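Engineer: With the sequence up front, the predicted model follows.
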Amino acid sequence: MGKLIAVEGLDGAGKNTLVTSLVTGWRARGMSVATLAFPRYGAAVTADIAAEALHGRHGDLASSAYAMAMLFALDRADAAGQIRADIDSHDVVILDRYVASNAAYSAARLGEPISGPAATWVADLEFGRFALPVPNHQVFLGVPTSVAAERARTRAASDATRARDAYERDGDLQTRVDAAYRDLAAAQWFSPWSVTTGEADDPAIEELTAI
Ligand SMILES: Nc1ncnc2c1ncn2[C@@H]1O[C@H](COP(=O)(O)OP(=O)(O)OP(=O)(O)O)[C@@H](O)[C@H]1O
Ligand SMILES: Cc1cn([C@H]2C[C@H](O)[C@@H](COP(=O)(O)O)O2)c(=O)[nH]c1=O
């Protein structure tokens with residue numbers, strides 16, 4: 001039975017880069033590692049519709065925090081069997097975004113604390129009704145919001161397929177999401193959390209690399 005680790009953070013924080021580097025390190029040590037990124041663009045229609053909505057399609061769909069969160073949650077519900085099978089057959093399963101993304105973005109959109117109705121609904125829906133596995137560990141890649149925003153902007157400028165979506169263009173939302181993630185980490189929401197800047201010499205990264 002492998003460990004399930006979820007990496008969380010703002011848009012452009014460098015989650016994908018961090019996951020890739022951790023996976024490379026673990027595989028170099030002979031560990032078997034499975035990885036999955038949410039939303040599963042191109043693999044789940046719910047993920048694609050969510051992305052399209054954040055780029056201005058599907059009428060007023062994106063204006064509902066709960067509707068958007070439901071799309072992201074249904075994507076994960078559809079992947080639950082795959083996640084469980086991966087946990088059974090690997091030493092580590094590492095996810096680029098997971099349930100806490102829905103809790104942080106939904107609470108931030110609605111201006112609620114993480115103990116409020118939206119984050120509670122996300123947890124009940126995803127860990128409860130959809131029975132998604134609870135991670136053994138969650139990592140918040142807590143780079144400054146200005147750094148994440150600049151990385152998202154630079155990426156959009158150099159890659160036409162990565163134009164910034166409604167969440168990425170909303171600086172106030174990103175600031176509230178950052179605060180929500182810090183609260184989730186401080187509350188050790190559903191599992192132990194670490195907060196890292198992502199630098200290789202950060203003790204939190206050294207600890208993860210050495211699992
Ligand atoms: N430590 C770093 N230093 C400098 N640039 C970085 C670093 N980590 C990531 N980047 C760059 O920042 C951009 C965003 O990185 P990445 O795609 O890993 O972020 P992400 O958190 O997965 O983003 P999103 O959630 O928006 O998909 C990329 O262009 C990447 O090359
Ligand atoms: C998985 C997931 C994502 N979101 C938000 C976070 C981002 O702003 C967008 C798209 O994700 P990406 O990593 O930038 O491709 O959606 C969310 O609110 N809830 C979720 O579960």
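Structural biologist: Good, I have the coordinates. Numbering: from 1, shown residues only. Ligands and ions are numbered 1, 2, ... in the order given.

Engineer: Okay, the residue lying farthest from the centre of the chain and residue 91: tell me how far apart.
Structural biologist: Distance from the C-alpha centroid of the chain, by C-alpha atoms, centre = their mean, peaks at residue 30 (26.0 Å). Going from residue 30 to residue 91 by C-beta to C-beta, to the nearest Å gives 9 Å. For every residue, glycine as well, the C-beta is placed using N, CA and C.

Engineer: Can you give me the buried ones in the strand or helix carrying residue 19?
Structural biologist: Taking DSSP states H and E as the criterion, residue 19 maps to helix 15-28. Neighbour counts over helix 15-28 (16 or more other C-beta atoms under 10 Å) mark 15, 18-19, 22-23, 25-26 as buried.

Engineer: Nearest to ligand 1, out of those residues: which one, please.
Structural biologist: Checking these against ligand 1 with C-beta to the nearest ligand atom, the nearest one is residue 15 at 3.5 Å.

Engineer: Hmm, that closest one is touching residue 97, no?
Structural biologist: Yes - with contact defined as C-beta atoms under 8 Å, residue 15 counts as touching residue 97 (6.8 Å).

Engineer: so what sits against both of those two?
Structural biologist: 7-8 (C-beta atoms under 8 Å, 6 or more residues apart in numbering).

Engineer: Helix, strand, or coil at the residue farthest from the centre of the chain?
Structural biologist: At residue 30 the chain is in coil, as set by DSSP: H, G, I helix; E, B strand; the rest coil.
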